[in-house]
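# I need the structure of the sequence given here:
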Amino acid sequence: MHIGLFLWLGISCKSEQDPKPTPPATPSSFGFNSLKVNDSYSGFDYVNVNLKPKVRFTFSSSLNNSSFASAITFKSKTGESIAFSTTLENGDSTVLITPSSNLDYLQAYTVSATKALKSKANGTLLSEVKVNLTTALDSTDKFPVVSDDALLTLVQKQTFKYFWDFGHPISGLARERNSSGDVVTSGGSGFGVMTIPIAIERKFISRTQGLERMQKIVGFLKDKAQKFHGAFPHWLNGATGAVQPFSTKDNGADLVETSYLIQGLLTARQYFNSANAAETTLRANINTIWQSVEWDWFRKNNEDVLYWHWSPEYNWDMNHQIKGWNECLITYALAASSPTHSITKVVYDNGWAGNANFVNGKEYYGLVLPLGEPYGGPLFFSQYSFLGLNPTGLTDRFANYFTQNKNHSLINYNYCKTNPQSFYGYSDQCWGLTASDIPNGYNANSPTNDKGVVSPTAALSAFPYTPTESMKALKFFYYKLGDKIWGEYGFHDAFSLQELWFADSYLSIDQGPIVIMIENQRSGLPWKLFMSCPEVKAGLKKIGFNSPNLN
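Reported below is the predicted structural model:
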């Protein structure tokens, strides 16, 4: 039949093999091509950004700007929407995004293009694009500039308030931290006791006030605080003196915390040296506490090593030998110095020194580290024992201890200055890694265990070893970051510019060394007092130490 007849009859001429009709075309999807922040590209995270950054997203298709309102977001870390403007460029395939007004300093922001973004052909973005921005630090001074000497005094005075104004009202002891309630700490209290002579000499308090506080503290420790073979627990109830377990099995004696407490008490004993009845009684009570500590009993069946913990319920189950190199040299120094329960040199050599197992001798940043772990560990290793022990000229067969502590501090400084992990904020002004609070926890920060958190106590308590580098840090912490980390009791515990996290906590074991070590740099008073103890001179000599301060 002729095709025209088929058409005239209205009969289709399509065969069964003819394809089905093509459906209407759907808009094609499109993709993301490139990103630039302030005309450069370095991934999707930018720090130290100016307050009015230019963010450019480039795509594979021309964009429909009517979709921008729902598809492009500019938000702060807290979720607040930031007003912005957009401009199309590059044949409308690039959108320039700029905040309408200046952003805030040192804040995190996110700029996103979501799948709601449309092309002019009504295409859909294949996947969301997001860039993270952290704005720069405000470089203006937050407080009036004062002389270096006045700044040191201000920091000592403000930090001392933690122990003076916030000391427990009944016992006078130092609370573990600013949120601890009745829980006080023996070691932190020892640090607090060491700040009292400094405060008197600096005219923060009177000698009478200092003596009254010492009488309260010493009376409580002697008559009310729970003790185990003369040693104190890590934590106590500041009202009752009962042990407050640090952990399940750590509910008895803590010999290291006890040594920090005794270090402080002996320093105070040497300071309150008047012949009047009050100060004479104070010294006698301190001697009672000091001479009651059974250092030799903590050898656990006469082993040639000291043990950290003992519990009336769990005995020696913690099984933590005190061995170096760490923060515990003072424990062996005092154990050797005890007039009633002394240890021998063999216990020091085999226990603490482990027959020289703690020797390092390697170089880091061109600095030889005599003792300890790689890069030295957290800075409190060079601080807690040396609040009273003067490392200047202090040597034994293992090390020169001033060299040890100075190089440890400089290695920590150079690590932060070099910043191998590229943490935002680390510099020659912003440095110092030691044990402190971190976001959502606590960590022994060090070059080999670095979470991007700087602890002001680390650099400030290194003042005797690194006066120039520590002063740089102090000025940065106070003048540049003071609006974020300076408070009622001095510097807050720690901060991370990487995570824009600033602790609101204060810890006694971090506040105390700031006051004490700054004073050791300024006048050497704590060192002079502690090293004047005749028992300490004899004990250090006995275990093989030499120092001009032992004569």
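# what helix or strand is residue 484 on?
helix 482-485 (DSSP states H and E).
# next SSE after that helix?
For helix 482-485, the following helix or strand on the C-terminal side (DSSP H and E) is strand 486-487.
# name the residues that touch that next one?
142, 143, 158, 477, 478, 492, 504, 506 (CB atoms under 8 Å, 6 or more residues apart in numbering). All C-beta spots, glycine's among them, are computed from the backbone N, C-alpha and C.
# the third one and residue 511, how far apart?
The reference is to residue 158. To residue 511, residue 158 is 10 Å away according to CB to CB, to the nearest Å.
# any shared contact partners between these two?
489, 490.
# look at those two and report which has more neighbours.
residue 511 (32 against 19; other CB atoms under 10 Å).
# so where's the protein shaky on pLDDT?
1-27 (pLDDT under 70).
# would you show me how to pick out the buried ones of the contacts of strand 486-487 in PyMOL?
With 16 or more other CB atoms under 10 Å as the criterion, this PyMOL line picks the buried residues out of those:
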select buried, resi 158+477+478+492+506
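# now what about the helix holding residue 484, what contacts it?
For helix 482-485, the external contacting residues (CB under 8 Å, 6+ apart) are 106, 138, 142, 143, 456, 477, 491, 492, 495, 502, 503.
# again, but for stretch 527-538
Stretch 527-538 has contacts (CB under 8 Å, 6+ apart) with 197, 263, 266-267, 269-271, 333-334, 337-339, 387-390, 392, 520, 547, 549-550.
# so residue 358 makes contact with residue 325?
Yes. Here residue 358 reaches residue 325: they are 4.1 Å apart, a contact under CB atoms under 8 Å.
# what is in contact with the two at once?
371, 372.
# which of those two has more residues huddled nearby?
Each of residue 358 and residue 325 has its neighbours counted (other CB under 10 Å); residue 325 has more, 26 against 18.
# please name the nearest non-neighbouring residue to that one.
residue 372 (3.7 Å; CB to CB, 6 or more residues apart in numbering).
# can you check residue 244 too?
Leaving out its chain neighbours, the residue that sits closest to residue 244 by CB to CB, 6+ apart is residue 235, at 3.9 Å.
# sorry, back to before: just the ones of the contacts of strand 486-487 in helices?
The helices, defined by DSSP state H, take in residue 158 from the contacts of strand 486-487.
# distance to residue 241 added to the contacts of strand 486-487, as CSV?
Formatted as CSV, these follow (distance: CB to CB, whole Å):
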residue, distance to residue 241
142, 42
143, 41
158, 30
477, 36
478, 38
492, 30
504, 29
506, 23
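# which one among the contacts of strand 486-487 gets closest to residue 297?
Nearest to residue 297 among these, counting by CB to CB, is residue 506 at 34.5 Å.
# is it true that the closest one touches residue 493?
Yes. Contact status for residue 506 versus residue 493: in contact at 6.1 Å, counting by CB under 8 Å.
# buried ones in stretch 165-173?
Across stretch 165-173, burial judged by 16+ other CB under 10 Å covers 166, 167, 168, 170, 171, 172, 173.
# residues in contact with that stretch?
174-175, 178, 182, 184-186, 189, 192, 213, 216-217, 220-221, 224-225, 236, 238-239, 241, 489.
# looking at these, which are in helices?
Per DSSP H, the contacts of stretch 165-173 map to helices at 186, 189, 192, 213, 216, 217, 220, 221.
# apart from its neighbours in sequence, what residue is nearest the fifth one?
The one in question is residue 216. Sequence neighbours aside, residue 172 is the residue nearest to residue 216 in space, at 4.0 Å (criterion: CB to CB, 6+ apart).
# next one: that neighbour from residue 515, what distance?
Distance of residue 172 to residue 515, given as CB to CB: 16 Å.
# scan the ones in helices among the contacts of stretch 165-173 and report the most crowded one.
Neighbour counts for the ones in helices among the contacts of stretch 165-173 peak at residue 189, which has 34 neighbours (criterion: other CB under 10 Å).
# check contacts around residue 47.
By CB under 8 Å, 6+ apart, the contact list for residue 47 reads 134, 424.
# please apply the same query to residue 312.
With CB under 8 Å, 6+ apart, residue 312 has these contacts: 228, 251, 252.
# could those go into a markdown table alongside secondary structure, neighbour count and distance to residue 485?
A markdown table is the format used below for those (DSSP: H, G, I helix; E, B strand; the rest coil; neighbours: other CB atoms under 10 Å; distance: CB to CB, whole Å):
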| residue | secondary structure | neighbour count | distance to residue 485 |
| --- | --- | --- | --- |
| 228 | strand | 21 | 38 |
| 251 | coil | 21 | 34 |
| 252 | coil | 24 | 36 |
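# pick the one among those residues closest to residue 66.
Nearest member of the contacts of residue 312 to residue 66, counting by CB to CB, is residue 251, at 68.3 Å.
# grab the nearest non-local neighbour of residue 205.
Here the nearest residue to residue 205 in space, its sequence neighbours aside, is residue 199; by CB to CB, 6+ apart that works out to 4.9 Å.
# and that neighbour, backbone torsions?
Here is the backbone geometry of residue 199 (degrees, to the nearest 10): phi -60, psi -40.
# and what of the one 5 residues further on?
Residue 204 has phi and psi values of phi -80, psi -30 when expressed as degrees, to the nearest 10.
# ok, it - contacts?
Neighbours of residue 204 in contact, by CB under 8 Å, 6+ apart: 156, 157, 160, 164.
# try residue 481
Listed by CB under 8 Å, 6+ apart, the contact partners of residue 481 are 137, 142, 495.
# among these, which ones are in strands?
residue 495 (DSSP state E).
# you'd agree residue 196 is in a strand?
No. Counting by DSSP: H, G, I helix; E, B strand; the rest coil, residue 196 is not found in a strand; it is helix.
# kindly tell me how buried it is, as a neighbour count.
With other CB under 10 Å as criterion, residue 196 counts 27.
# that one reaches residue 214, doesn't it?
Yes. Checked against CB under 8 Å, the pair residue 196 and residue 214 is within contact range at 6.3 Å.
# would you map the helices across the stretch 251-400 of the chain?
Assigned by DSSP state H, counting those that start in this stretch, the helices in the stretch 251-400 of the chain fall at 255-271, 277-292, 329-337, 345-347.
# among the ones you listed, which is nearest residue 51?
Residue 51 lies closest, by CB to CB, to one member of those: helix 255-271, at 46.0 Å.
# and stretch 195-210, what's buried?
Neighbour count says stretch 195-210 has 195, 196, 197, 198, 199, 200, 202, 204, 205, 207, 210 buried, by 16+ other CB under 10 Å.
# isn't the fourth one right up against residue 157?
No. Because the distance of 9.8 Å does not satisfy CB under 8 Å, residue 198 is recorded as not touching residue 157.
# hang on, the earlier thing: tell me which of the contacts of strand 486-487 is nearest to residue 320?
Of the contacts of strand 486-487, the one sitting nearest to residue 320 (CB to CB) turns out to be residue 506, at 27.1 Å.
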